[in-house]
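>>> This is a predicted model, with the sequence first.
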Amino acid sequence: MSHRNRLPDWGERLKLLVITERIKALGRDYLDVVEAALHGGCRAIQFRDKVMTDRAFVEAARGIQERCLLHGALFFVNDRVDVAAALDCGVHLGFNDLDVGLARNVLGPGVIIGYSPETLGEARREVAAGADYLGVGPVFSTTTKPDAGEAIGVDGLAKICEADLAPVLGVGGITVENVAGVVEAGASGIAVVTAVTRANDMQAATEELLKAFDSAAG
């Protein structure tokens, strides 16, 4: 299942995007998170690591991608357009990363590109440049990304959803308890880190998030 075959239901698979995290204190590596999330029904994984060497990053990404392919899940790398090109996978970009238009030129039309905008104007510009979906937040306060800025709340999320530019994933501090508000704001999906990676039972946490999302969206 190559991303160049851009599946007709890729948006549905993105209703829950689990972003990887390595947690040494809990003895959890990236693959532990990925396996649990996939077995819990997640069909979109983003691999993020800011400190790995290029060789180690590609090796880890390849292993995660193989598991995603087995489960029919979308696979994205964070920031790394070069790795996305090498592995033929999706990529998620932000303000400090390679420009979306340039990334689209490198990756071609079939690869899914996500983008995290900081303003509505930026969202418009990057969708016009080729972004397929937007990761918008932090909706709620989060400690996962210290540079994420102030929480925008469900109202801030709704403003970008209402512009109807592209599918929007709410991100930042999302839990089973607050997912309904994210759906009501117009988000077509959610992206989480700690709600899965730091849960006592990561597979069960994934299942519960999907159930909560489907219930709110139903």
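Ah, there it is.
>>> who touches the closest residue to residue 70 other than its chain neighbours in this structure?
Excluding the flanking residues, the one nearest residue 70 by C-beta to C-beta, 6 or more residues apart in numbering is residue 38, at 7.9 Å. Quick note: C-beta positions are derived from backbone N, CA and C, even for glycine. Counting by C-beta atoms under 8 Å, 6 or more residues apart in numbering, residue 38 touches 45, 67-68, 70-71, 73.
>>> which among these gets closest to residue 29?
Using C-beta to C-beta, residue 67 comes nearest to residue 29 of the contacts of residue 38, at 12.7 Å.
>>> so what's the residue of the chain most remote from its centre scoring on pLDDT?
Ranking residues of the chain by C-alpha distance from their mean position (C-alpha atoms, centre = their mean) puts residue 25 at the top, at 23.8 Å. With respect to pLDDT, residue 25 scores 89.
>>> How much space separates residue 46 from residue 184?
24 Å (C-beta to C-beta, to the nearest Å).
>>> and these two? which has more neighbours close in?
It is residue 46, of residue 46 and residue 184, that has more neighbours when counted by other C-beta atoms under 10 Å, with 21 against 14.
>>> Would you list the strands that whichever strand or helix holds that one pairs with, along with their directions?
Here residue 46, judged by DSSP states H and E, is contained in strand 44-47. Paired neighbours of strand 44-47 in the sheet (DSSP bridges): strand 16-19 (parallel), strand 74-78 (parallel).
>>> and those, which is most packed in?
strand 16-19 (a mean of 26; mean count of other C-beta atoms under 10 Å).
>>> and it, how far from the chain's centre?
On the basis of C-alpha atoms, centre = their mean, to the nearest Å, strand 16-19 sits 5 Å off its chain's mean C-alpha point.
>>> ok, then the element right after it?
Next along from strand 16-19, by DSSP H and E: helix 30-39.
>>> Residue 160 touches residue 139, doesn't it?
No - the criterion here is C-beta atoms under 8 Å, and residue 160 misses it with residue 139 at 10.7 Å.
>>> mind checking pLDDT for residue 150?
88.
>>> Make 505 the first number, not 1, from now on.
Yep, numbering from 505; the last one is residue 654 now.
>>> Farthest-apart pair in the contacts of residue 542, please.
Going by C-beta to C-beta, the pair spanning these furthest: 549 and 574, at 11.7 Å.
>>> Looking at those two, which is more packed in?
residue 549 (27 against 10).
>>> Isn't the more buried one up against residue 572?
Yes - using C-beta under 8 Å, residue 549 is in contact with residue 572, at 5.5 Å.
>>> Find the residues that touch each one of those two.
Counting by C-beta under 8 Å, 6+ apart, the residues touching both residue 549 and residue 572 are 538, 542, 578-579.
>>> now, which of these sits nearest residue 680?
Residue 680 has its nearest neighbour among the shared contacts of residue 549 and residue 572 in residue 542, at 18.8 Å by C-beta to C-beta.
>>> Roughly how far does that closest one sit from residue 511?
For residue 542, the distance to residue 511 - C-beta to C-beta - is 16 Å.
>>> got it, and residue 712?
According to C-beta to C-beta, residue 712 and residue 511 sit 25 Å apart.
>>> Appreciated, that's everything.
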